[in-house]
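Enquirer: Here is the input, now give the coordinates:
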Amino acid sequence: MLEYEFETVQCESGGYSLFGGIGLETERHREIILRRGAEGWRYAGFVPKKQRTGGFMESIELIFEREQGGQA
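Expert: So this is what the prediction gives:
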């Protein structure tokens, strides 16, 4: 059986989007995925946690899974 954990990542304002104006970006996701992988977790995907009405995600939740008992 699999167990799951979630970790929230904030999307920062910065850069420009293709449609003009300021875009949203994340950088912390890479360090989180690498750290969790070293702990035996597999990255399973993400879901928006907080989203603006225009569709821009302000925060996301990274989803990690592993076999119960800590073995990937």
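
Enquirer: for the protein, what spans make up the helices?
Expert: Taking DSSP state H, the helices of the chain run over residues 28-38.

Enquirer: for it, where's the lowest mean pLDDT among helices and strands?
Expert: One helix or strand of the chain scores below all others by mean pLDDT, DSSP states H and E: strand 22-25, with a mean of 57.

Enquirer: any weak-confidence spans in the chain?
Expert: 13-27, 70-72 (pLDDT under 70).

Enquirer: now do 80
Expert: 11-27, 51-52, 54-56, 69-72 (pLDDT under 80).

Enquirer: Tell me the bridge partners for the residue most central in space within the chain.
Expert: Relative to the mean C-alpha position of the chain, the nearest C-alpha, by C-alpha atoms, centre = their mean, is the one of Leu62, at 3.4 Å. With beta bridges defined as DSSP bridges, Leu62 has these partners: Glu7, Phe46.

Enquirer: Go ahead and confirm it touches Glu31.
Expert: No: the criterion here is C-beta atoms under 8 Å, and Leu62 misses it with Glu31 at 11.1 Å. In this view, the C-beta of every residue, glycine as well, is placed from N, C-alpha and C.

Enquirer: before we move on, the earlier item: let me see the contact set for the residue nearest to the centre of the chain.
Expert: By C-beta atoms under 8 Å, 6 or more residues apart in numbering, the residues touching Leu62 are Phe6, Glu7, Thr8, Val9, His29, Ile32, Ile33, Arg36, Tyr43, Gly45, Phe46.

Enquirer: List the contacts of Leu2.
Expert: With C-beta under 8 Å, 6+ apart, Leu2 has these contacts: Glu65, Arg66, Glu67, Gln68.
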